[in-house]
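> could you look at this predicted model? Sequence included:
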Amino acid sequence: MSTLSVRLPESLHKRLKIMADKEGVSMNQFITLAVSEKVSTLMTVDYLKERARKGNPKTFDELLKKVPDTEPEEFDKF
């Protein structure tokens with residue numbers, strides 16, 4: 001495991017402490033989870049961009065033509 005020293009504004013440090021306490025975890029664990037979520041999000045965006053780059057617009061259009069042109073079920077409406 002690595003050690004990282006981070007400088008935070010006092011106001012953010014206080015909020016971090018409050019949120020970690022509220023979640024019942026240490027500030028270290030809270031920060032680790034927050035960083036993990038952010039990294040996961042960015043990796044997902046990169047993954048989706050790569051998948052889109054490999055996509056074939058013609059195949060996509062052909063698949064869309066197979067979708068029935070019907071109204072959504074009531075529970076699927078906003």
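All right, it came through fine.
> from here on, contacts and neighbour counts on C-alpha atoms
Will do.
> contact partners for residue 21?
By CA atoms under 8 Å, 6 or more residues apart in numbering, the contact list for residue 21 reads residue 27.
> just the pLDDT for it.
In the predicted model, residue 21 carries a pLDDT score of 98.
> what sits against the residue lying closest to residue 27 once chain neighbours are set aside?
In space, not counting the residues next to it along the chain, residue 27 is nearest to residue 20; the distance is 5.4 Å by CA to CA, 6 or more residues apart in numbering. Going by CA under 8 Å, 6+ apart, residue 20 touches 26-27, 30.
> tell me where the longest helix sits in this protein.
helix 27-54 (DSSP state H).
> same for that one, what does it pack against?
helix 10-23 (3 or more CA pairs under 8 Å, 6 or more residues apart in numbering; DSSP states H and E).
> centre of the chain to the helix it packs on, how far?
Relative to the centre of its chain, helix 10-23 is centred 22 Å away, using CA atoms, centre = their mean, to the nearest Å.
> residue 28 versus the spatially most central residue of the chain, what's the distance?
By CA atoms, centre = their mean, the chain has its centre lying nearest to residue 41, at 3.6 Å. Distance, residue 41 to residue 28, by CA to CA, to the nearest Å: 20 Å.
> the strand or helix carrying residue 62 - contacts with which helices or strands?
According to DSSP states H and E, residue 62 maps onto helix 57-65. Counting contacts by 3+ CA pairs under 8 Å, 6+ apart, there are no secondary-structure elements packed against helix 57-65.
> SS state for residue 2?
Three-state call for residue 2 (DSSP: H, G, I helix; E, B strand; the rest coil): coil.
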